[in-house]
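coords please:
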Amino acid sequence: MQMNTVKWLTGLAVIGLIACTPATNTDDSYGSGFVEVDEITWSEKNTKPYSFTVASGEISCGSHPKFGRTVYFEPKGFTDESYVGTPLNKSAENSMKLGRLISNVPYSIKKGADLSEAVQIGLRVCNEQQDRF
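Numbering: from 1, shown residues only. Model (predicted):
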């Protein structure tokens, strides 16, 4: 196989892993494998400062067979399958390295930001999806 074909197939596989089934949550900000977040309402539910340089976006959860649960951030307007989000945890970073992928969304993490709450939000989406099955 040519290298571009391998990269394309790997990218497609990673996107398939990122795409999750609907989460079960009564919070309107939850969608199919993601949580909508924005700078204005972040402080209502979280203790750490908003971590992203864009006003709103989605935190998504996926799964990689080798690395486990992966958490990404995609700015608003960059959430369809053609975009690779910004990895928020080590599993997502490792998954992207293995697939030789790079994020193609605008830089979206504030310098020195504490991502712990954002990662926990993404992992909660995974847990809720797992509980459905």
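
Not counting sequence-adjacent ones, nearest residue to the residue most central in space within the chain?
Most central in the chain under Cα atoms, centre = their mean is residue 72, positioned 2.0 Å from the mean C-alpha point. Nearest non-adjacent residue to residue 72, counting by Cβ to Cβ, 6 or more residues apart in numbering: residue 85, 3.4 Å away. For glycine as for every other residue, the C-beta is placed from the backbone atoms N, C-alpha and C.

which ones are touching that neighbour?
Residues in contact with residue 85 (Cβ atoms under 8 Å, 6 or more residues apart in numbering) are 18, 60, 72-74, 78-79, 103, 105.

Out of these, list just those in strands.
The strands, defined by DSSP state E, take in 60, 72-74 from these.

Considering those residues, which is situated nearest to residue 115?
Here the nearest of the ones in strands among the contacts of residue 85 to residue 115, counting by Cβ to Cβ, is residue 73; it sits at 8.7 Å.
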